[in-house]
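> need a 3D model of the following:
(one chain, ligands or ions: 2)
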Amino acid sequence: MAGPTIKLSHPVKSLSGNVPLTGSKSESNRALIIQALSGGNVTIENLSAAADTVTLQRALAASTAADGKIETVIDIGPAGTAMRFLTAYLSINGGQATLTGSERMKQRPIGILVDALNTLGAHIQYAGATGYPPLAIDGAFKQETAHVRIKGNVSSQYLSALLLIASALPQGLELQIEGELTSRPYLTMTLDMLAEAGIQHQWNGDRITIAPQATKPCRLTVEPDWSAASYWYAMVALAEDANLFLPNLKKNSLQGDAAIKDIMVHFGVASTFEDGGLRIQKTTSVHQAEETLFDFTECPDLAQTVIVCAAVQRRNLSFTGLHTLKIKETDRIAALQNELGKFGVKLVEVGKVYHLVTEGLFRPQHLTIETYEDHRMAMAFAPLALLFDGVQINEPDVVEKSYPDFWKHLKQHGFILS
Ligand SMILES: O=C(O)C1=C[C@@H](OP(=O)(O)O)[C@@H](O)[C@H](O)C1
Ligand SMILES: C=C(OP(=O)(O)O)C(=O)O
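Ligands and ions are numbered 1, 2, ... in the order given. The predicted model follows:
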């Protein structure tokens, strides 16, 4: 869907039918690294169509083709996991590479991971500002130690990156997590997917140990993306009437964002697992009184979906666990504050807690949402077309990062796009 802006409306206000979501980009990007290190042992089913996954797949192909003989420049654009996972992968694959990304990527910190890898025996230098991409990576790894300490509260992606390459290190890895661990389900997803490929680990207290070992032949099947599902939960919550089926979502998911099904009970959405997928329906029973504080430490990618939905439902809720949002695709706190302000809602920071103040909520004649190069800004605000007339989303192509069919799916479900 090209074009600098898109106008959205939904005259019917009711939703029904199937939404076939693409595969999880988090699971896909782990599967690709596991496959690349497996020596041909691993096949992948239902790989995500997300641009971040396509980018990682191409980068892995380019670095394998180069085979250490020529210097490769790899540009991963805005893909955070691709940046972090490739930093680890390229540091042991024998070649020489410059790993770079979008202007925003050059502002997203990576020093914690680079320090950890260099401690282990990697040769990574900064090609620009210290602590940030671009990186000059010499993949001639010579292990100096198996033990490394790493801060857990900045990004779990640094830890996942190390764990994904751990079994390929001559001495393995003993990872000691310092302080709080943020985005924990993404770490357990990494370990669970490694286990599916036969890589065992021990996790005792703050230490995770992985010995050198080979992957076993296996097929990794990627579940659809629960973060993408969250936008459909928001649409169900805001529609007058809704009954949607999301094929292949599972009760026992590896994705922490499956938490959306419990969160959305508080916004009037009921979830039922059926054969072959998940049904979500609008209900009249909204558990409003029970929960006033929502913690996103384990599911930061759901924050925008839930906060926007709460804002227009006039719910003065409070939120914690938003500390990583400032270093994602954009400063998501500032982006939310700007855009919520366009219809009179405030998101007020008081220490570590954010409070929604919805008393000023008004129905705008016309609402233009800026997306700040962040797919989740576009997808979190799009459901507002079920409530407000004349919603316009600028730079709608940002959705390609994780959910390229988002606008097509909206069209198939009664939204009018122009
Ligand atoms: O490992 C992953 O696949 C991800 C981990 C999370 O990042 P942080 O660990 O930086 O919070 C999440 O926000 C991101 O979209 C995907
Ligand atoms: C934070 C995200 O992605 P990444 O860190 O991989 O760029 C996201 O998809 O919301």
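> tell me where the stretch 1-150 of the chain has helices.
For the stretch 1-150 of the chain, the helices defined by DSSP state H, counting those that start in this stretch cover 25-36, 51-66, 80-90, 111-120.
> weakest of the ones you listed in terms of mean pLDDT?
Note on the helices of the stretch 1-150 of the chain: helix 51-66 shows the lowest mean pLDDT, a mean of 91.
> tilt between it and helix 80-90?
Helix 51-66 and helix 80-90 meet at an angle of 20 degrees, taking axes from the mean of the first three to the mean of the last three C-alpha atoms, to 10 degrees as the criterion.
> any part of helix 51-66 near ligand 1?
No - counting by C-beta under 6 Å from any ligand atom, ligand 1 has no neighbours in helix 51-66; the shortest distance is 8.8 Å. All C-beta atoms are positioned from the backbone trio N, CA, C, and that covers glycine.
> which neighbouring elements make contact with that helix?
helix 25-36, strand 71-75, helix 80-90 (3 or more C-beta pairs under 8 Å, 6 or more residues apart in numbering; DSSP states H and E).
> quick one on the thing from earlier: I'd like the helices of the stretch 1-150 of the chain as TSV, with mean neighbour count appended.
Converted to TSV, the helices of the stretch 1-150 of the chain look like this (neighbours: other C-beta atoms under 10 Å):
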stretch	mean neighbour count
helix 25-36	26
helix 51-66	19
helix 80-90	27
helix 111-120	20
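> so which of these comes closest to residue 238?
Residue 238 sits nearest to helix 25-36 of all the helices of the stretch 1-150 of the chain, at 24.9 Å, using C-beta to C-beta.
> what helices or strands is that closest one leaning on?
strand 42-45, helix 51-66, helix 80-90, helix 156-166, helix 184-196, strand 218-221.
> so can I have a markdown table of these showing distance to residue 144?
Output for the helices and strands packed on helix 25-36, formatted as a markdown table (distance: least, C-beta to C-beta, whole Å):
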| stretch | distance to residue 144 |
| --- | --- |
| strand 42-45 | 29 |
| helix 51-66 | 23 |
| helix 80-90 | 16 |
| helix 156-166 | 15 |
| helix 184-196 | 23 |
| strand 218-221 | 31 |
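> looking at those, which is closest to residue 273?
Here strand 218-221 is closest among these (C-beta to C-beta), at 17.1 Å.
> so what strands line up beside the closest one?
strand 42-45 (parallel) (DSSP bridges).
> can I get the partner strand in CSV, CA atoms only?
What follows is strand 42-45, C-alpha atoms only, in CSV (Å, rounded to 0.1, in the frame of the first residue of the first chain):
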residue,chain,number,x,y,z
VAL,A,42,16.7,-27.4,10.5
THR,A,43,13.6,-26.7,8.3
ILE,A,44,11.2,-23.9,9.1
GLU,A,45,7.5,-23.8,8.5
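> now it: mean pLDDT?
The model assigns strand 42-45 a mean pLDDT of 98.
> can you check stretch 187-205 too?
Stretch 187-205 comes out at a mean pLDDT of 98.
> how about whatever residue of the stretch 1-150 of the chain ends up closest to ligand 1, what does it touch?
At 3.2 Å from ligand 1, residue 26 is the closest residue in the stretch 1-150 of the chain, using C-beta to the nearest ligand atom. Contacts for residue 26 (C-beta atoms under 8 Å, 6 or more residues apart in numbering) come out as 81, 186, 189, 225, 255.
> can I assume residue 399 sits in a helix?
Yes - under DSSP: H, G, I helix; E, B strand; the rest coil, residue 399 sits within a helix.
> mind putting the helices of the stretch 1-150 of the chain into CSV with distance to residue 168?
Shown next, in CSV, are the helices of the stretch 1-150 of the chain (distance: least, C-beta to C-beta, whole Å):
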stretch, distance to residue 168
helix 25-36, 10
helix 51-66, 14
helix 80-90, 9
helix 111-120, 12
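> how many neighbours does the spatially closest residue to residue 239 that is not a sequence neighbour have?
Leaving aside its chain neighbours, residue 239 sits nearest to residue 15 (4.9 Å; criterion: C-beta to C-beta, 6 or more residues apart in numbering). Residues near residue 15, counting by other C-beta atoms under 10 Å, number 24.
> residues contacting residue 15?
Per C-beta under 8 Å, 6+ apart, neighbours of residue 15: 235, 236, 239, 241, 242, 243, 244, 413, 414.
> check the gap between the third one and residue 295 for me.
As defined by C-beta to C-beta, to the nearest Å, residue 239 lies at a distance of 27 Å from residue 295.
> compare the two (neighbour count), which wins?
Relative neighbour count places residue 239 above the other of residue 239 and residue 295, with 24 against 13, counting by other C-beta under 10 Å.
> hmm, that one is touching residue 13, no?
Yes - the criterion here is C-beta atoms under 8 Å, and residue 239 meets it with residue 13 at 5.7 Å.
> ok so, going back, distance-wise, check the residue of the stretch 1-150 of the chain closest to ligand 1 relative to residue 174.
25 Å.
> residue 37: neighbour count?
Applying other C-beta under 10 Å, we find 22 residues neighbouring residue 37.
> between the two ends of stretch 230-246, what distance do you get?
End-to-end span of stretch 230-246 (C-alpha to C-alpha, to the nearest Å): 11 Å.
> can you say which of the helices and strands packed on helix 25-36 is nearest to residue 366?
Closest among those, using C-beta to C-beta: helix 51-66, at 29.8 Å.
> which residues sit against the strand or helix carrying residue 176?
Residue 176 belongs to strand 173-178 when elements are defined using DSSP states H and E. For strand 173-178, contacts defined as C-beta under 8 Å, 6+ apart pick out 120, 146-152, 159, 162-163, 165-166, 206-210.
> how about the residue nearest in space to the middle of the chain, what does it touch?
With distances taken as C-alpha atoms, centre = their mean, the residue of the chain nearest its centroid is residue 301 (5.7 Å). By C-beta under 8 Å, 6+ apart, the residues touching residue 301 are 227, 230, 257, 376.
> pLDDT wise, what is it at?
pLDDT, residue 301: 98.
> what do you get for residue 248?
For residue 248, pLDDT reads 98.
> isn't residue 294 right up against residue 322?
No - under the criterion of C-beta under 8 Å, residue 294 is not in contact with residue 322, lying 10.0 Å apart.
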